[in-house]
Structures are given as structure tokens and as C-alpha cells.
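Peer 1: what would the 3D arrangement of this be:
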Amino acid sequence: MERAALPIGTVGTALKALMLSRGLRVADVARATGLTRLTVRQWRDSKVTRVKFETLSRMCAGLRVEPGALLVYLPPEPQKRRRRSSS
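Peer 2: The predicted model follows:
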């Protein structure tokens, strides 16, 4: 018996919302965390493909937040059901 593929969502970042709520700019976050502005922009725009624990730790320490404040789970979109053709 073959198992159906489990639809998975994606993990994104919530840095943009955090920055907006605190009135922070990319340069402010870079200064507070010691990360490059490019890295901060990638996190802000959810363009991160791999999360390094060192980067996550720097973000948490610099912004004084827990990892859960920076990462969000986006569930998969519901799949549309295919209509069966009547023959």
C-alpha cells in the first residue's frame, strides 16, 4: 500500500513585522546583531534558504527575542480537487 504524500508548508521569517513594530531599519538591526545588511535584508524579505544557528542566535540576542518571534510556519495551501471527466 502506497502512502499519500503529506503536503508540507514552508517556514518563513517574521523579521519584517518585528522591524515595523519597533521602527527599526536594516542598518539598526545589522548594528544590533553584528550581521551584514545583506543578511538582514534576506531575513526581512524571507529569502533565507538555510538557517544557521549562529545567525539565529545573533538575531535573538541583538533583538532580545526568542527564536519563535523570528520564524513562522506557513501551512500549505489547500489543493484544488480535480474534476473527474465523465466518459
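Peer 1: mind giving me the packing neighbours of the lengthiest helix in the chain?
Peer 2: Criterion DSSP state H: the longest helix present in the chain is helix 53-63. Helix 53-63 sits against helix 26-33, helix 37-44, with contacts defined as 3 or more CB pairs under 8 Å, 6 or more residues apart in numbering; DSSP states H and E. Bear in mind the C-beta positions are built from the backbone N, C-alpha and C, glycine included.
Peer 1: closest to Pro7 out of those?
Peer 2: Nearest to Pro7 among these is helix 37-44 (25.6 Å), distances taken as CB to CB.
Peer 1: buried set for that closest one?
Peer 2: Thr39, Val40, Gln42, Trp43, Arg44 (16 or more other CB atoms under 10 Å).
Peer 1: could you dump those residues into TSV with distance to Leu18 added?
Peer 2: Listed next are the buried residues of helix 37-44 as TSV, based on distance: CB to CB, whole Å:
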residue	distance to Leu18
Thr39	15
Val40	11
Gln42	15
Trp43	10
Arg44	9
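Peer 1: just the element for Lys16, please.
Peer 2: Using DSSP states H and E, Lys16 maps to helix 15-22.
Peer 1: mind listing what's buried along that helix?
Peer 2: Judged by neighbour count using 16+ other CB under 10 Å, the buried positions of helix 15-22 are Leu15, Leu18, Met19.
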